[in-house]
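A.B. asks: would you be able to build a 3D model of this:
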Amino acid sequence: MNMLQSPNLTDELHRMDANINQTTSETHHEHTRTGRSVEALKRAFTDNLFYVTGRPFSKATAQDHYRVLAYTIRDRLLERYISSAQDYKRSKAKTVCYLSAEFLLGPHLGNNILNLGLWENVDLAMKELGLQLDVILEEESEPGLGNGGLGRLAACYLDSLATMEIPAIGYGIRYEFGIFDQVIKDGWQVEVTDAWLRNGNPWELPRPNLRYPVGLGGRTEQYTDEQGNHLVRWIPGHTVYGMAFDTPILGYGVNNVNLLRLWKSEARESFDFQAFNMGDYYGAVNDMVVAENLSKVLYPNDEPQAGKELRLKQQYFFVSCSLQDMIRIALRDVGSLECFPEKFAAQLNDTHPAIAVAELMRLLVDERAIPWNKAWDITRNTFAYTNHTLLPEALETWSLELFERILPRHMEIIRDINNLFLDEVRMRFIGDEQRVARMSLIDESNGRRVRMANLACVGSFAINGVARLHSDLLKSTVLSDFHDLWPEKFSNKTNGVTPRRNIALSNRPLAALIDEVVGGDWLRNLDELRKLEPYAEDQAFRERWREVKLIAKRRLANYVERVAGVSIDPHSLFDMQVKRIHEYKRQHLNVLHIITLYNRLKHDPSLEITPRTFVFGGKAAPGYRMAKLIIKLINSVADIVNRDPQVNRLLRVVFVPDLNVKTAQQIYPAADLSEQISTAGKEASGTGNMKFSMNGALTIGTLDGANVEIREAVGEENFFLFGHTEEQVQELWARGYQPCKFLEHDAELRAAIELINSGLFSHGDRQLFAPLTGNLLQHDPYMVCADYRSYIDCQDEVGIHYQDVENWTRMSILNVARMGTFSSDRAIREYCEHIWKVQPVPVQSRPSVERPR
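C.D. replies: Below is the predicted model:
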């Protein structure tokens, strides 16, 4: 029987035709690819099911449903995407280029439906087809192209740039394997490959015509051109190619669609026939294997030398491709590179893309024969640099030997930049050779290393921190010499997060309640949340607020039982610390509080405390042993607490595995208390603190990062403050900090650490957690012992406050109402006005190409 005469397929075709013919006269004219009505969406879905997946409706899987709906929504993006590109080109608009090694985007489908304003219609269309939108959304694999806050911030900024109608391109790497999937086995973190591309990626558009060569290794040689100019030619040892993959980034409630352009590494040819014919089967594909390794995995383990080398190659690879692409666009749109800084503002998101300074100089001087001084003027007026850390060890450096071997021409350029720069320093600070040594782009005192933060500072016209305290500390500590030289370069741009994903998408009941009382404009102007303030005094509204929170807590409770096998009470206080696992973030201080409560309940079983559920989540770097030991401790404490009938009616502990954007959308809305407890002066900003507060959680925290500004915004009375300030931390160190002194004077701290050392949480093994407790007793680099008592006392206050249900709800409402300044829209507006000097280019809604109906 002919396939087209198959009864099942024929029935499906008839059903499709019937569905199409049932469209009303009102929607009949809508194009299948762009229509917004329920009928048009149904028609598009059934079309794509047949012509994209090649499956009849009755045989389609849940993954098919996701792919089909993704293509259906993408169709509605592409018209706007093409219109945006045409308008930007026509206007010769200045474009923001955001260079970042990470873009932690989260799932696309829900965000794009929301930004298109199609949620209700898509939801209804799926129901009429017998499907559930929520089930379809769960099928999307998250692009794990980031490690945490840095990549999530980049994603929020792309969302805000498009929403504010600012022409922008995000540049990064299309990692084949993203940040690892985390599995917890016997309490330990186990890293599993994140094969996020296993089922394909319907959101990306391959651009095989955009392919750039990237040289590595080799040597340089000097020569004289026909005009008598002395020039340098780089002869790479080998060359890889970067191919572009584009992802449209749609703004909320606008027609603007910007671009995320990610680079995949390739060989010039994927197969060497000559080698194959000679019997060298390995050699026939070797170039392809070596080349593709560059974009294989996000952040390879850089403990071994090979990992360091690959990471440096990755950073140079994506920067070189991006700058070659920017040069192509500039020549196409304005015809000259003289006005390159007027065409582009390039933001370096931390030090990972800092090699861009030397690469742009190479492209201009070596490839375009632009004189050095002119090229340097173009370069340092193109780049701006965002610093994201106060930890000196996190300021990226590379050994001179490695750098020179991989990028010999760039090493020469950096030396030339350094010589000219240090002359400027010597003229400004006569006789201060120690300052000269500190500011040099090459550290001569520590095994000779290239300092990437110094290169970024010298090659950028603007330098910013990401919270007010962080920016002040940059000026006085790690970048103080550069601030002394160029104070006008420095500014603060406090981080922000997008309310679209972090409230409207992840917490739809809360968004609906806000819509009802505030109106619909708050997602584009978060200051509108101020209108919630009077409702904090409305008892009926407070009751509705609690109902919304309980919905979120029940949803999380169901999720936790499914993924972690732990039953938790939605009516208990949900106390959450969800972020990257690191000693300075002090998850172990939180654990000491849990053990302290455990000890109290064991010593006095009649003690009544506020029931609490402690929720942890986060990944540790694969090579960070202490962080992985903290994860093991959390899970070991959870095992004992959750099984102990004397305490488990009042305490529960859960570690949610594999924290990512998708998982976080379950967690943030459900929190009652947000743990932001890093050592003062260590956290640059934080963005999880903002996401929790936007969803109505109260914060317990130190005066660190953006906590300072959050506390000012929401009111001191609505924030639980504890711990030493940054100044007090420095004083403690100056006096000679001895953690054992705090143990001597605090019986509960001593008892908590002794209980860990007793083996209770390690099946009798007294040595398992000895590296962790020993470090606390002997060194305690992040002052856990110093802040313990203040933290415990503050947590006792939290428990008392939570019992006053009405006042806690009032505080929760005020937290949300006063979070307007922490929108990423505000942050992007400040970048646009003070650093990038760019203007919006609104895109008009119109057919951008002729299409057959």
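A.B. asks: going forward, measure contacts between C-alpha atoms and count neighbours the same way
C.D. replies: Will do.
A.B. asks: so how many other residues sit close to residue 736?
C.D. replies: 9 (other C-alpha atoms under 10 Å).
A.B. asks: tell me the pLDDT of it.
C.D. replies: As predicted, residue 736 sits at a pLDDT of 96.
A.B. asks: for it, give me phi and psi.
C.D. replies: Backbone dihedrals for residue 736, given as degrees, to the nearest 10, come out at phi 90, psi 80.
A.B. asks: quick one: it and residue 750, what's the gap?
C.D. replies: Going from residue 736 to residue 750 by C-alpha to C-alpha, to the nearest Å gives 21 Å.
A.B. asks: kindly report the same for residue 448.
C.D. replies: 44 Å.
A.B. asks: the two - which one has more neighbours?
C.D. replies: Shown here are residue 448 and residue 750; by other C-alpha under 10 Å, residue 750 has more neighbours (17 against 14).
A.B. asks: the more buried one - nearest residue in space that isn't next to it in sequence?
C.D. replies: Leaving aside its sequence neighbours, residue 750 sits nearest to residue 743 (C-alpha to C-alpha, 6 or more residues apart in numbering; 5.3 Å).
A.B. asks: any idea how far the helix or strand hosting the one you found is from the chain center?
C.D. replies: Assigned by DSSP states H and E, residue 743 belongs to helix 739-744. Centroid displacement of helix 739-744 relative to its chain, using C-alpha atoms, centre = their mean, to the nearest Å, is 38 Å.
A.B. asks: ok, now stretch 592-606?
C.D. replies: With C-alpha atoms, centre = their mean as the basis, the mean position of stretch 592-606 lies at 37 Å from the chain mean.
A.B. asks: again, but for stretch 512-525
C.D. replies: On C-alpha atoms, centre = their mean, the centre of stretch 512-525 falls 26 Å from that of its chain.
A.B. asks: list the buried ones in it?
C.D. replies: The neighbour-count check on stretch 512-525 (16 or more other C-alpha atoms under 10 Å) flags 512, 514-515, 522-524 as buried.
A.B. asks: just those: which are in strands?
C.D. replies: Secondary structure from DSSP state E places none of the buried residues of stretch 512-525 in strands.
A.B. asks: got a markdown table for those residues, with distance to residue 634 too?
C.D. replies: Formatted as a markdown table, those follow (distance: C-alpha to C-alpha, whole Å):
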| residue | distance to residue 634 |
| --- | --- |
| 512 | 36 |
| 514 | 36 |
| 515 | 39 |
| 522 | 39 |
| 523 | 37 |
| 524 | 39 |
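A.B. asks: go through those and name the one nearest residue 581.
C.D. replies: residue 523 (31.1 Å; C-alpha to C-alpha).
A.B. asks: pLDDT score for the closest one?
C.D. replies: The model's pLDDT for residue 523 equals 97.
A.B. asks: that one contacts residue 499, doesn't it?
C.D. replies: Yes. Assessed by C-alpha atoms under 8 Å, residue 523 is found in contact with residue 499 at 6.3 Å.
A.B. asks: which SS state does the spatially closest residue to residue 638 that is not a sequence neighbour fall under?
C.D. replies: Spatial nearest neighbour of residue 638, excluding adjacent residues (C-alpha to C-alpha, 6+ apart): residue 653 at 4.8 Å. Following DSSP: H, G, I helix; E, B strand; the rest coil, residue 653 is assigned to strand.
A.B. asks: switch to numbering from 162
C.D. replies: Sure thing, new numbering starts at 162, so read that last one as residue 814.
A.B. asks: the helix or strand harbouring residue 401 - what's its average pLDDT?
C.D. replies: Using DSSP H and E, residue 401 sits within strand 399-411. Averaged over strand 399-411, pLDDT sits at 97.
A.B. asks: the next helix or strand after that strand pairs with which strands, and in what direction?
C.D. replies: Sequence-wise, the next helix or strand downstream of strand 399-411 (DSSP H and E) is strand 418-427. Sheet pairing here is set by DSSP bridges, and for strand 418-427 it gives strand 329-334 (parallel), strand 399-411 (antiparallel).
A.B. asks: highest mean neighbour count out of those?
C.D. replies: The highest average neighbour count among those, using mean count of other C-alpha atoms under 10 Å, belongs to strand 329-334 at a mean of 26.
A.B. asks: for residue 324, give me its contacts.
C.D. replies: Residues near residue 324 by C-alpha atoms under 8 Å, 6 or more residues apart in numbering: 411-415, 417, 685.
A.B. asks: pLDDT below threshold where in the stretch 762-911 of the chain?
C.D. replies: Scanning the stretch 762-911 of the chain for pLDDT under 70 picks out nothing.
A.B. asks: now do the strands in it.
C.D. replies: For the stretch 762-911 of the chain, the strands defined by DSSP state E, counting those that start in this stretch occupy 773-778, 812-817, 834-837, 859-862, 880-882.
A.B. asks: format these as CSV; extra columns: distance to residue 935 and mean neighbour count.
C.D. replies: CSV is the format used below for those (distance: least, C-alpha to C-alpha, whole Å; neighbours: other C-alpha atoms under 10 Å):
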stretch, distance to residue 935, mean neighbour count
strand 773-778, 23, 23
strand 812-817, 24, 25
strand 834-837, 24, 25
strand 859-862, 25, 26
strand 880-882, 28, 21
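A.B. asks: tell me which of these sits nearest to residue 509.
C.D. replies: Using C-alpha to C-alpha, these put strand 834-837 closest to residue 509, at 26.7 Å.
A.B. asks: which residues are contacting the closest one?
C.D. replies: So strand 834-837 is contacted by 734-738, 746, 850, 853-854, 858-863, 868 (C-alpha under 8 Å, 6+ apart).
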